[in-house]
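In: Fold the following.
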Amino acid sequence: MARYTGPKSKIARKFGEAIFGDDKSFEKKNYPPGQHGNNRRRGKKSEYAVQLMEKQKAKYTYGILEKQFRNIFANAKRKEGVTGEILLQLCECRLDNVVYRMGIAPSRRGARQLVSHRHITVNGELVNIPSYTLKAGDVVGVREKSKSLQVIGDSLDAQSNVYEWITWNSEKKEGTFVSVPERIQIPENIKEQLIVELYSK
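Out: Just a heads-up that it's a prediction; the model follows:
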């Protein structure tokens, strides 16, 4: 399965925000990477460059590569409504993202690994496809044999975020994907309209 495995802090510094979650390296060096760091004179970015940066930020945030991201955009474009909002909603409906939102894993990368290693169930059935699209009412849980995994326990203990479109039962270690989130409920700092403009050229 293809995925980005390069340095995360360098990417976060490129966008000027910790898109992969808490990052001590980013806190120390929250300026763009490169030999001259902050001292490099950076000219005004073109419209295309700004749009491309926003698309790359969304891809890295959700851990999706170009071909898959383009397919998600094409799917969003076919649906009725605001294309940019639907694009982010489709990203939020991915199984690896929901596992991360529920706190079962500390990051989307970790969530993707739990899913692909067959630790996660959907409606009681094992699902090992991180890009699996959830529907409202689907129940996501930790497989019985995996409930004692320390990495899952540590992540759930550290989880403090609460999302309106997700419910969580700590005793059963399962949660319900109640509904597709509205744009205002998605906390990611992504200007989705710029992505739509880029793909529409």
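
In: only C-alpha atoms for contact and neighbour calcs from this point on.
Out: Fine.

In: Low-confidence regions, this protein specifically.
Out: Within the chain, the ranges that satisfy pLDDT under 70 run 1-43.

In: which helix in it runs the most residues?
Out: Of all the segments assigned as helix in the chain under DSSP state H, the longest by residue count is helix 47-62.

In: any idea which helix or strand comes after that helix?
Out: Toward the C-terminus, helix 47-62 is succeeded by helix 66-78 as the next helix or strand (DSSP states H and E).

In: Show me the domain layout of this protein.
Out: Domains of the chain are assigned by automatic domain parsing as 8-90, 94-179.

In: May I see the ones you listed organised as a markdown table, with distance to Pro187 and mean neighbour count added?
Out: As requested, those are exported to a markdown table (distance: least, C-alpha to C-alpha, whole Å; neighbours: other C-alpha atoms under 10 Å):
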| stretch | distance to Pro187 | mean neighbour count |
| --- | --- | --- |
| domain 8-90 | 11 | 16 |
| domain 94-179 | 10 | 18 |
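
In: mind checking which of those domains is nearest Glu188?
Out: For Glu188, the closest of the domains of the chain is domain 8-90, at 8.4 Å, according to C-alpha to C-alpha.

In: Next, find the distance separating the spatially most central residue of the chain from Lys172.
Out: In the chain, the centroid-proximal residue (C-alpha atoms, centre = their mean) is Tyr62; its distance is 2.9 Å. Relative to Lys172, Tyr62 is positioned 27 Å away (criterion: C-alpha to C-alpha, to the nearest Å).

In: now do Arg70
Out: Relative to Lys172, and taking C-alpha to C-alpha, Arg70 is found at 37 Å.

In: Ok, Lys44 next?
Out: To Lys172, Lys44 is 52 Å away according to C-alpha to C-alpha.
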